[in-house]
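sequence first, then the predicted structure, then my questions.
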Amino acid sequence: MLYKESQKFNHWWLWLLNLTIFGGLLFGALANWDASNFVELLIGPLILALVMILLAVLELRTTISEDGLEVKFWPFGRKRIFKSEIKRAVVRKYSPLREFGGWGYRIGPAGKAFNMYGSQGLQLEMQNGDKLLIGTQRPEELAAFIKDWLEQEDVLTDEIVSLKLKELNENRLES
């Protein structure tokens with residue numbers, strides 16, 4: 001592994017906002033407590049609690065090794081891309097709302113995106129024309145790494161071949 005970046009929703013203001021709304025909903029439910037409608041009163045706080053749990057476990061992890069890169073957006077999935085599949089790679093500024101309709105795992109006019117927050121990302125153009133953007137919070141470091149990484153000679157190892165065969169078999173089984 002040569003490069004690794006992990007991103008989580010860990011902004012204090014986001015948690016303060018969620019906890020404030022959660023407290024307000026819970027206070028409202030307790031203030032209007034009635035045994036006949038307790039389920040309706042607890043729906044709001046329960047849904048927000050589930051959203052907060054999801055935000056706490058969401059993680060965007062980008063790992064780049066000699067043979068390719070892997071992006072995991074837990075718990076929604078992962079994508080493995082071999083270096084030989086990449087036609088072009090550049091770190092760029094982008095508009096999450098305009099290009100992809102927001103943050104998360106998105107599909108938009110500019111292709112697919114895995115992003116948590118911010119407006120910097122690694123734009124990949126594949127040999128087959130597909131585009132993928134991976135958000136980053138370390139754009140300068142990633143840009144320098146990608147430049148050197150792409151200039152390295154590809155060495156076809158047994159591990160790379162077996163990983164590619166495994167991926168092809170997985171894709172065939174999913175189809």
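Sure thing, it's come through. Remember, predicted model here, so these are calculated numbers, not experimental data.

now do the strands in this structure.
Taking DSSP state E as the test, the strands found in the chain are 3-7, 59-64, 68-74, 77-82, 86-93, 104-108, 111-115, 120-126, 131-135.

Leu142: neighbouring residues, count only.
Counted by other CB atoms under 10 Å, the residues lying close to Leu142 total 22. For every residue, glycine as well, the C-beta is placed using N, CA and C.

what's near enough to touch it?
Remark: with contacts taken as CB atoms under 8 Å, 6 or more residues apart in numbering, Leu142 is in contact with 3, 5, 91, 122, 136.

most neighbours among these, which one?
The most neighbours of any of those, using other CB under 10 Å, belong to Leu122, which has 24 neighbours.

leaving out chain neighbours, which residue sits closest to that residue?
What sits nearest to Leu122 in space, not counting adjacent residues and going by CB to CB, 6 or more residues apart in numbering, is Ile134, at 4.6 Å.

from Leu142, how far out is the closest residue to Glu167 other than its chain neighbours?
The shortest distance from Glu167 to any residue that is not its chain neighbour, by CB to CB, 6+ apart, is 5.9 Å, and that residue is Arg80. Computed as CB to CB, to the nearest Å, the Arg80 to Leu142 distance reads 18 Å.

what's the answer for Tyr3, then?
According to CB to CB, Tyr3 stands 7 Å off from Leu142.

repeat that for Ser36.
If you go by CB to CB, the gap between Ser36 and Leu142 works out to 56 Å.

then Val57?
Applying CB to CB, one obtains 24 Å for the distance of Val57 from Leu142.

same check on Glu5?
The span separating Glu5 from Leu142 equals 7 Å under the rule CB to CB.

and the closest residue to Ile64 other than its chain neighbours, what pLDDT?
If the residues on either side of it in the chain are set aside, Ile64 comes closest to Tyr3, at 4.1 Å by CB to CB, 6+ apart. Looking at Tyr3, its pLDDT stands at 90.
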